[in-house]
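Enquirer: my questions are about this predicted structure, shown below with the sequence.
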Amino acid sequence: MILNTSKTMKHTLSVLVEDEAGVLTRIAGLFARRGFNIESLAVGPAEQPGISRITMVVPGDDSTIEQLTKQLYKLINVLKVNDITQTPCVERELMLVKVSVTATNRAEVLEVAQVFRARIVDISDDTVTVEVVGDPGKMVAIVQMLNKFGIREVARTGKIALTRESRVNTEYLKSLEAKIQ
C-alpha cells in the first residue's frame, strides 16, 4: 500500500506569459473553473519586451500543483511555468499600513517602523502610514506589532520572487547569521 504523503501547502508559481490582452483573464478563469484560490498575485514586465512575469501563491499539494501547471501550459500565451516553492529565492512584498496614533503612542509606532526598516510615507494628527518592503514573514511580523495601535487600512502587492543564482537557501543564510551573532 502506497500512502500519499504530499501535504497541502502554499506553492509559489512563476509564470512567463506573452504580454497580450486577456492572458490574466484566461489564467484566472482556469483557476476559478478548477475551484482554486490564488492567495497572492503580482504581474509585471519581465526581462524581455513583450513578456510578463506572473508570480502567484496557490495552496495545494504537489500533485494538484503539477496538474495545475499542465493546465497552465495548455493556455495560449503561457510560455513557462515554474514551481519555485522549494527553490532558493529572493522574495519581496510591498505593504502600506495606516496605523492609528495618539500623541502618547506616536513615538512607539515610529520606533516599531524603524526596527523593521520601514519608511513613514504619510503622517497626520491621528494616523501614520508606513511603507514596508521585505519577505512575507516580515509583513506578518510588523502587522502583529502594529495591531495593538489599531490598523485602519492595509494594502499589499503580493509576493514577487526570483530564484537565487547562487542556489543558497535563505534559511541557511539566516542560520549562519544567527551563529555569527
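Expert: Cool, the structure landed.
Enquirer: which residue ranges form the strands in the protein?
Expert: Here the chain has its strands, by DSSP state E, at 9-18, 40-45, 51-60, 78-83, 89-100, 119-123, 127-134, 151-156, 160-163.
Enquirer: and of those strands, who's closest to residue 72?
Expert: For residue 72, the closest of these is strand 78-83, at 4.9 Å, according to CB to CB. In this view, the C-beta of every residue, glycine as well, is placed from N, C-alpha and C.
Enquirer: reformat the strands of the chain as JSON lines; add mean neighbour count and distance to residue 143.
Expert: Formatted as JSON lines, the strands of the chain follow (neighbours: other CB atoms under 10 Å; distance: least, CB to CB, whole Å):
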{"stretch": "strand 9-18", "mean neighbour count": "18", "distance to residue 143": "17"}
{"stretch": "strand 40-45", "mean neighbour count": "15", "distance to residue 143": "15"}
{"stretch": "strand 51-60", "mean neighbour count": "19", "distance to residue 143": "17"}
{"stretch": "strand 78-83", "mean neighbour count": "16", "distance to residue 143": "27"}
{"stretch": "strand 89-100", "mean neighbour count": "18", "distance to residue 143": "7"}
{"stretch": "strand 119-123", "mean neighbour count": "12", "distance to residue 143": "16"}
{"stretch": "strand 127-134", "mean neighbour count": "18", "distance to residue 143": "9"}
{"stretch": "strand 151-156", "mean neighbour count": "12", "distance to residue 143": "7"}
{"stretch": "strand 160-163", "mean neighbour count": "18", "distance to residue 143": "19"}
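Enquirer: I'd like to know which elements the longest helix along the chain is packed against.
Expert: Ranked by residue count under DSSP state H, the longest helix found in the chain is helix 62-74. Here helix 62-74 touches strand 9-18, helix 23-33, strand 51-60, strand 78-83, going by 3 or more CB pairs under 8 Å, 6 or more residues apart in numbering; DSSP states H and E.
Enquirer: ok, residues contacting it?
Expert: Helix 62-74 is contacted by residues 4, 6, 8, 11, 13, 15, 27, 30-31, 34, 36, 58, 60, 78, 81, 83 when judged by CB atoms under 8 Å, 6 or more residues apart in numbering.
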